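[1] all I have is the shape, not the residue letters:
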């Protein structure tokens, strides 16, 4: 698999033609597998004999996989997303309190305020441009979820630009040189430590302060590594994926004006748009890693014990066996759209899913209410795709808020 990734859909189609599960060679020459079919992925994600902890992957520890393997950062991160069993339940219970549907709904007014201010900025940036064009990712899709998650975590505004740069280098740009990636990991961990120290000195009504209180109140509940790992997960997952979700939804609506018309005419909802975007062009292509704890048959293919396996979210989203023969078509009235797996399934279902839905629906409604004639400034086919096989979106999204 190409570490630079690119649009995943053509490769997904070729792999799905071979079956619901495919053997692949991961970047760095490491053998692995990817689960592509909807039903196979649903089974795999919830299977009791599949683990997230890297100790279940012997090749990571016996020298088979080199120390500078670029994807080692995903395997060896500590936190909720790489924990199993009781450890996972303990960490998830601490974080989950901030992301219940009720807690998230309380954020709606603040998300609306941020979105309105950012749309003002988008309009000003376009007005200041000779051709009336502004990058929607820079002025809207990125700062909205970044602002929300940083407020939740108690991150001072001065850190936000650097945090995005580092998280992008570590998580999204998977073709980054190993030395550069490791340097970014070290700086990101150090910056998380700086943020934690600030909240330790000045506790507030934020998630980081709550995690620190749990850690210091009962030492065996949350280790320092788990604290930093959980903060890093919340920050990265809390903005990178929603950035891509909003970007992909806007791109889809601008190239499918008939679908946009359905929402503007109240024949469909913004939630329908979000679900269909998550299915049709989800924000994550292939997510690492899970490890079978025994030889396992999934989708008619044997996954070997300890093999690193990718979850093929964008592939499952266009699985014709589940979503129908027109699965490649963007259709916000599709009956199966809401059954997508882009937030995962089972014990590791995305804890931030309610927040991502809220941010995306508020963002899209305000954007197209303010600028109903918003259009792409370049043909969709000319938009450069992210150089990542994990993230799935474009590098930039130049738009013209007002028609030329």
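    It's in. These numbers come from a predicted model, not from an experiment.
[2] need the per-residue pLDDT for residue 59.
    On the pLDDT scale, residue 59 is placed at 95.
[3] so what's the nearest residue to residue 121 once chain neighbours are set aside up against?
    Among residues not flanking residue 121 along the chain, residue 139 sits closest, at 5.3 Å (C-beta to C-beta, 6 or more residues apart in numbering). C-beta: built from backbone N, CA, C; applies to glycine. Residue 139 makes contacts with 118, 121, 122, 125, as judged by C-beta atoms under 8 Å, 6 or more residues apart in numbering.
[4] please tell me how far residue 139 sits from residue 128.
    11 Å (C-beta to C-beta, to the nearest Å).
[5] what do you get for residue 45?
    46 Å.
[6] give me the more crowded residue out of the two.
    residue 45 (20 against 9; other C-beta atoms under 10 Å).
[7] any idea how far residue 370 is from that one?
    Residue 45 is 38 Å from residue 370, by C-beta to C-beta.
[8] before we move on, what about residue 54?
    46 Å.
[9] same drill for these two, tell me which one is more crowded.
    Taking neighbours as other C-beta under 10 Å, residue 54 and residue 370 compare with residue 54 leading, 18 against 15.
[10] and the longest helix along the chain, how far out from the chain middle?
    In the chain, with assignment by DSSP state H, the single longest helix is helix 224-255. How far helix 224-255 lies from its chain's middle: 4 Å, per C-alpha atoms, centre = their mean, to the nearest Å.
[11] so where's the chain shaky on pLDDT?
    Where the chain drops to pLDDT under 70, the residues are 172-176, 215-221, 403-404.
[12] same thing but 80
    Low-confidence segments of the chain, defined by pLDDT under 80: 70, 170-179, 181-182, 214-222, 403-404.
[13] where along it do the strands fall?
    For the chain, the strands defined by DSSP state E occupy 21-26, 30-35, 50-51, 134-135, 286-292, 296-298, 301-303, 309-312, 375-376, 398-400.
[14] note down every partner strand of the last one and its orientation.
    Partner strands for strand 398-400, per DSSP bridges, with pairing direction: strand 134-135 (antiparallel), strand 375-376 (antiparallel).
[15] which is the next helix or strand following the first one?
    The one in question is strand 134-135. helix 136 (DSSP states H and E).
[16] surely residue 365 is in contact with residue 270?
    Yes - judged on C-beta atoms under 8 Å, residue 365 makes contact with residue 270 at a distance of 5.0 Å.
[17] when these two are compared, which one has more neighbours?
    residue 270 (19 against 16).
[18] gap between the more buried one and residue 361?
    Distance from residue 270 to residue 361, by C-beta to C-beta: 4 Å.
[19] same check, this time on residue 155
    Taking C-beta to C-beta, one finds residue 155 at 24 Å from residue 361.
[20] now residue 142
    17 Å.
[21] coming back round to it: among the strands paired with strand 398-400, which is nearest residue 188?
    strand 134-135 (24.2 Å; C-beta to C-beta).
[22] other residues contacting the closest one?
    Against strand 134-135 from outside (C-beta under 8 Å, 6+ apart): 122, 125, 126, 396, 397, 398, 399, 401.
[23] which among those residues gets closest to residue 283?
    Among these, and counting by C-beta to C-beta, the member closest to residue 283 is residue 397, at 13.3 Å.
[24] count the neighbours of the residue nearest to that closest one when sequence neighbours are not counted for me.
    The shortest distance from residue 397 to any non-neighbouring residue, by C-beta to C-beta, 6+ apart, is to residue 136 (4.4 Å). Look at residue 136: counted by other C-beta under 10 Å, it has 29 neighbours.
[25] mind listing what residue 136 touches?
    Contacts of residue 136 were listed using C-beta under 8 Å, 6+ apart, and they are 122, 247, 250, 397, 398, 399.
[26] redo the residues you listed as JSON lines? Include distance to residue 100.
    Shown next, in JSON lines, are the contacts of residue 136 (distance: C-beta to C-beta, whole Å):
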{"residue": "122", "distance to residue 100": "31"}
{"residue": "247", "distance to residue 100": "27"}
{"residue": "250", "distance to residue 100": "28"}
{"residue": "397", "distance to residue 100": "32"}
{"residue": "398", "distance to residue 100": "37"}
{"residue": "399", "distance to residue 100": "34"}
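[27] not counting sequence-adjacent ones, nearest residue to residue 188?
    residue 166 (4.3 Å).
[28] please name the nearest non-neighbouring residue to residue 80.
    Residue 80's closest residue in space is residue 91 (C-beta to C-beta, 6+ apart), at 4.1 Å.
[29] what number of residues lie near that neighbour?
    26.
[30] that one against residue 230, yeah?
    Yes - counting by C-beta under 8 Å, residue 91 touches residue 230, with 6.2 Å between them.
[31] any common contacting residues for these two?
    Joint contacts of residue 91 and residue 230 (C-beta under 8 Å, 6+ apart) are 79, 80, 222.
[32] top of those residues by number of neighbours, please.
    So for those (other C-beta under 10 Å), the most neighbours sit at residue 80, 24 neighbours.
[33] can you pull the contacts of that one?
    Counting by C-beta under 8 Å, 6+ apart, the residues that residue 80 touches are 88, 91, 92, 95, 229, 230, 233, 351.
[34] follow-up on the earlier one: let's have the contacts of strand 134-135 in a markdown table, adding distance to residue 11 and neighbour count.
    Shown next, in a markdown table, are these (distance: C-beta to C-beta, whole Å; neighbours: other C-beta atoms under 10 Å):
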| residue | distance to residue 11 | neighbour count |
| --- | --- | --- |
| 122 | 33 | 24 |
| 125 | 35 | 18 |
| 126 | 35 | 23 |
| 396 | 23 | 16 |
| 397 | 22 | 25 |
| 398 | 26 | 19 |
| 399 | 28 | 25 |
| 401 | 34 | 23 |
